[in-house]
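Colleague: Next comes the sequence, and after it the predicted model I'd like to discuss.
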Amino acid sequence: MPNDKWNDEEIENLLRDFPKIQDKRPKAEVYKKLSHKEQTPKQPKRWLPLLVAIVAFLSISVLVASLLQQNGTDSSSSETESSDAESTVVTDEAQTEQTEQAQGDNQEPNEAASLAPEDPQIQRSAVYESELEDAHVLRIGLAYHGYVVPVSFVIPTQLTDMAEPTALELYETFSGQIDESGLGFDDYHPYEGELQQNGSTISHFLPDSQTYDQGSASTSLYLYSLEETFMNQQEIRVLNEAGEAAQLSHMGTVEPLVPGEKGQIFYLLESSAGEAYLAPAYGMSPGNVKDALLALQQSPNDDYRSPVPEGVSYRVEVDGANADLIFEEQLDLETLDKAAAMQMIESMALTAKSYGSSLAISNTIQSEWAGYDFSKELELPVSPNRIDWPEK
């Protein structure tokens, strides 16, 4: 290394000889360059789009496979259910055809024509003679808030030990088993005292402690109940324990009752259980069948309800013991509630029967409906408000 020594003067002279360096850039630009460090651009990740595409493809594949599996399961389940339903329908139809064929084989032609309604959804609420081949009817006047409602219990013959039981035998055997409060009525039966039957005459021997004459309403209820309970008898006698005509404080001597002597209008009366029954309007019924049928269109009080639907009107023509009820406008029974239409027809039929009259109904779209043939006189019920006695 040279051993030359530089003094300060020489160094200064040397520096003066260097060319001057000039930077013509603006100061702001130089400051910006110094204050912001230039970032090195990152290399793009070329594998990322490929990864996203693979994940998306796998997700879609899993989703499609799941949907196809679910659809196949649903289709298989639907086919199985459909097959089961078709099998059930076929079985039911076969059983129905076999039952109908068996019934047809055991019936005479005239009996087959009087079967129950063709439409199983339209149920008759009364009792008809054609339905009593293997049953007995216990008709009993149940009590509800001072009114009497005749209810007809249809009892299979196998439940009785008697081939032809009398009205009293049926009453004494079954009346104590009726759950009156459960049906929405007052507890009223069996009657106090002793009942006897001699031919077509019923005698009721009242005990001294009887409670049937606590007022005129209770006396009327008792007598109307007797009449409805033994409607098919010729006479009912109310006697004291000595066998003499009973003396009731609100009416004096009780004369023998003749059931069905006076006609009654059958209105709708609802029990506390919410069930509507057809009940006779004792004390509020006119003296002839024409006025009675016309009166059905209006309720006599707040308790009885008219069975004729709103908007339905008719006129009545009577020829002797034959009554013809003609609707003012042609009536389509299918436009009415089925139960309401049935109650209307049965109330008319029961009212006509109560007055000893036949009944024909005219000007309906249907010539036949629910077992009724409107081209001729109607089959009148034997008794109202049917309840089938449970078989044990």
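Modeller: Perfect, I can see it now. The shown structure was predicted, so the numbers you read here are calculated from the model rather than taken from an experiment. Numbering: from 1, shown residues only.

Colleague: Just give the nearest non-adjacent residue to residue 326, would you?
Modeller: The spatially closest residue to residue 326, leaving aside those adjacent along the chain, is residue 362, at 4.5 Å (Cβ to Cβ, 6 or more residues apart in numbering). Glycine gets a C-beta too; all of them are placed from N, C-alpha and C.

Colleague: Next, count neighbours for the one you found.
Modeller: 15 (other Cβ atoms under 10 Å).

Colleague: Assess the claim that it and residue 324 are in contact.
Modeller: Yes. Using Cβ atoms under 8 Å, residue 362 makes contact with residue 324 at a distance of 6.2 Å.

Colleague: My impression was that the residue nearest to residue 326 belongs to a strand - is that right?
Modeller: Yes. Using DSSP: H, G, I helix; E, B strand; the rest coil, the secondary structure at residue 362 is a strand.

Colleague: can you tell me which residues contact it?
Modeller: By Cβ atoms under 8 Å, 6 or more residues apart in numbering, the residues touching residue 362 are 324, 325, 326, 327, 374.

Colleague: For the last one, give me its contacts.
Modeller: The contact partners of residue 374, by Cβ under 8 Å, 6+ apart, come to 360, 361, 362, 364, 366, 367, 368.

Colleague: Over to the second one?
Modeller: Under the criterion of Cβ under 8 Å, 6+ apart, the neighbours of residue 325 are 293, 314, 315, 316, 348, 359, 360, 361, 362.

Colleague: Weed out the non-buried ones from these.
Modeller: Among the contacts of residue 325, the ones that count as buried by 16 or more other Cβ atoms under 10 Å are 293, 314, 316, 348, 359, 360, 361.

Colleague: Those residues into JSON lines, with extra columns for distance to residue 260 and pLDDT?
Modeller: Listed next are these as JSON lines, based on distance: Cβ to Cβ, whole Å; pLDDT from 0 to 100:
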{"residue": "293", "distance to residue 260": "17", "pLDDT": "98"}
{"residue": "314", "distance to residue 260": "25", "pLDDT": "98"}
{"residue": "316", "distance to residue 260": "21", "pLDDT": "98"}
{"residue": "348", "distance to residue 260": "17", "pLDDT": "98"}
{"residue": "359", "distance to residue 260": "16", "pLDDT": "98"}
{"residue": "360", "distance to residue 260": "22", "pLDDT": "98"}
{"residue": "361", "distance to residue 260": "23", "pLDDT": "98"}
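
Colleague: can you tell me which of those are in strands?
Modeller: When the buried ones among the contacts of residue 325 are checked against strands using DSSP state E, the ones located there are 314, 316, 359, 360, 361.

Colleague: Tell me the one among those residues nearest to residue 186.
Modeller: Each of those was checked against residue 186 using Cβ to Cβ; the closest is residue 359, at 32.0 Å.

Colleague: Which residue is the nearest non-sequential neighbour of that closest one?
Modeller: residue 352 (3.9 Å).

Colleague: That neighbour and residue 381 touch, don't they?
Modeller: No. Proximity of residue 352 to residue 381 does not meet the contact threshold set by Cβ under 8 Å, at 10.1 Å.

Colleague: more neighbours, those two?
Modeller: With other Cβ under 10 Å as the criterion, residue 352 and residue 381 differ in neighbour count, and residue 352 comes out ahead with 27 against 22.

Colleague: how near is that one to residue 328?
Modeller: Residue 352 sits 19 Å away from residue 328 when distances are taken as Cβ to Cβ, to the nearest Å.

Colleague: Likewise for residue 131?
Modeller: Note on residue 131: its distance to residue 328, by Cβ to Cβ, is 33 Å.

Colleague: more neighbours, those two?
Modeller: The residue with the greater number of neighbours, taking residue 131 and residue 328 and applying other Cβ under 10 Å, is residue 131; the counts read 18 against 10.

Colleague: helices or strands up against the helix or strand harbouring residue 291?
Modeller: Taking DSSP states H and E as the definition, residue 291 sits inside helix 289-295. With contacts defined as 3 or more Cβ pairs under 8 Å, 6 or more residues apart in numbering; DSSP states H and E, the packing partners of helix 289-295 are strand 314-319, strand 322-331, helix 338-354.

Colleague: Wait, residue 342 touches residue 268, no?
Modeller: No. Checked against Cβ under 8 Å, the pair residue 342 and residue 268 is beyond contact range at 11.7 Å.

Colleague: rewinding a little: check the ones in strands among the buried ones among the contacts of residue 325 against residue 287 and report the nearest one.
Modeller: Proximity of those to residue 287, judged by Cβ to Cβ, is greatest for residue 316, which lies at 14.5 Å.

Colleague: Pull the contacting residues for the closest one.
Modeller: 289, 290, 293, 294, 323, 324, 325, 326.

Colleague: residues contacting the first one?
Modeller: The one in question is residue 289. Residues near residue 289 by Cβ under 8 Å, 6+ apart: 263, 316, 318, 323, 351, 352, 355, 356, 357.

Colleague: Name only those of those residues that count as buried.
Modeller: 263, 316, 318, 323, 351, 352, 355, 357.
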